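Peer 1: Only the shape, not the letters, is given here:
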């Protein structure tokens, strides 16, 4: 791998995601939001997979930060009983301006009394290095969708996402505990492992 600096730019305006990425950074690395991100028009997310969207976003935002590694992420919830929905539409499941509460309500409506509550969180990170080489990293975590939310922490579908090994939802545990098993934490760990490989 080429020699690069120790700063990574993260192309997200989601404060919760940025906190998780910073928590996953290994010693010697700093993760900062892409400078002037608010002034950069967001690209259209037209991919049908998390990988397509993550890589497209990373390529786009890398154009605004030459010489520095840039990563972007696409993530969401896949529910078995809904055929994998909401999937890549997780953040806008209930509409373009949907809040987390809106999305959670719609998810419960769509599931109804279905006994199959199996679900997984998926996160894919797209990383573009200064030489324009591109990498992607996927993380998943399996869980179940409750019939009502529990906990006040986290964001997104966390109050409904029950993780059996913890015996609680992701919204009921600390950010640090969630990061040890979360889809985003696993994808970020894979990225950091690659970045920390010795340079050939």
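Peer 2: Everything's here; your move. This one's a predicted model, so the numbers in the text were calculated from it and none came from an experiment.

Peer 1: the bottom helix or strand of the protein by mean pLDDT?
Peer 2: helix 15-24 (a mean of 90; mean pLDDT, DSSP states H and E).

Peer 1: for that one, which positions count as buried?
Peer 2: For helix 15-24, burial by neighbour count (16 or more other CB atoms under 10 Å) applies to 16-17, 20-24. All C-beta atoms are positioned from the backbone trio N, CA, C, and that covers glycine.

Peer 1: In this protein, where is pLDDT below threshold?
Peer 2: Across the chain, the stretches falling below the confidence threshold (pLDDT under 70) are 1-5, 199-200.

Peer 1: any chance you could map the helices in it?
Peer 2: Assignment of helices within the chain using DSSP state H yields the ranges 15-24, 50-62, 100-111, 175-179, 183-195.

Peer 1: which ones are touching residue 123?
Peer 2: The neighbourhood of residue 123, defined by CB atoms under 8 Å, 6 or more residues apart in numbering, consists of 50, 73-75, 138-140, 182-184, 186-187.

Peer 1: List the beta-bridge partners for it.
Peer 2: Taking DSSP bridges, one obtains residue 75, residue 139 as the residues bridged to residue 123.

Peer 1: ok so, going back, let me have the helices of the chain in a markdown table, extended by distance to residue 164.
Peer 2: Formatted as a markdown table, the helices of the chain follow (distance: least, CB to CB, whole Å):
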| stretch | distance to residue 164 |
| --- | --- |
| helix 15-24 | 21 |
| helix 50-62 | 23 |
| helix 100-111 | 18 |
| helix 175-179 | 14 |
| helix 183-195 | 15 |
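
Peer 1: and the residue nearest to residue 48 when sequence neighbours are not counted, what does it touch?
Peer 2: Using CB to CB, 6 or more residues apart in numbering and skipping the chain neighbours, the partner closest in space to residue 48 is residue 88 (6.7 Å). By CB under 8 Å, 6+ apart, the residues touching residue 88 are 45, 47-50, 53, 74, 76.
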